[in-house]
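Peer 1: give me a model of this one.
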Amino acid sequence: MRDPNNPCLFCNVPSSEYIFENNLAFSTFDSYPVSKHHALIIPKRHVENYFDMSEEEILSCNKLIKKMRNKIQELDPTVDGFNIGTNSGKEAGQSIMHCHIHLIPRRKNDVDNPQGGVRGVIPSKQHYQRKK
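Peer 2: So this is what the prediction gives:
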C-alpha cells in the first residue's frame, strides 16, 4: 500500500482536480467520501494541522468552505446540513499529515439519529441526555 505521506498526497494534487482555489488553499472532492459530494479544503502550503496554519490560511480555507457549501447545494438540493471537521494528530485520527478540512454534506435520514454530530468521533459520547 502506498504511503500517502511520502511523498505528501496533498502537496501533489493536480490543479485539474481543484474545484476552487485561491492564493493559499484549494478544494477538491474526497477520494473516500463519507457521503456524496464530501469535499476537502486544503492549504497549499505543507502544514501538518489546523493549529499550524496562519490566520491568512485559515481565512482562505473558510472562504473555500463557503464556496464549496454553495456548490454542493447547487449539485444536490437534498443536502440540508453539513459537518465540518479536521483531524489534528494521529490520536485524533489524522492519517495524512497535511492539514485538510472535511466538508461532509448531510441529508435527512442519512443516519437513524444524527444527534451529537461530530461528537460521534467517540461513539459512546454522541447520543447524550441533556441536563435539565
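
Peer 1: distance from stretch 114-128 to the middle of the chain?
Peer 2: 18 Å (Cα atoms, centre = their mean, to the nearest Å).

Peer 1: not counting the longest helix seen in the chain itself, show me its contacts.
Peer 2: When the chain is parsed with DSSP state H, its longest helix is helix 55-75. Around helix 55-75, the neighbours that count as contacts under Cβ atoms under 8 Å, 6 or more residues apart in numbering are 19-27, 37, 39, 41, 43, 45, 47, 50, 53, 79, 82, 84, 101, 103, 105. Just so you know, the C-beta spots here come from the backbone N, C-alpha and C atoms, and that holds for glycine as well.

Peer 1: show me the shaky parts of the chain.
Peer 2: 125, 128 (pLDDT under 70).

Peer 1: in it, which spans are helices?
Peer 2: In the chain, helices defined by DSSP H lie at 55-75, 123-126, listed in chain order.

Peer 1: now these as TSV including mean neighbour count and distance to residue 13?
Peer 2: Below are the helices of the chain laid out as TSV (neighbours: other Cβ atoms under 10 Å; distance: least, Cβ to Cβ, whole Å):
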stretch	mean neighbour count	distance to residue 13
helix 55-75	16	14
helix 123-126	10	31
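
Peer 1: how about these, which one is nearest residue 12?
Peer 2: helix 55-75 (18.6 Å; Cβ to Cβ).

Peer 1: centre-most residue in this structure?
Peer 2: Per Cα atoms, centre = their mean, the C-alpha nearest to the average position across the chain is that of residue 102, at 0.6 Å.

Peer 1: what sits closest to that one if chain neighbours are left out?
Peer 2: What sits nearest to residue 102 in space, not counting adjacent residues and going by Cβ to Cβ, 6 or more residues apart in numbering, is residue 85, at 5.2 Å.
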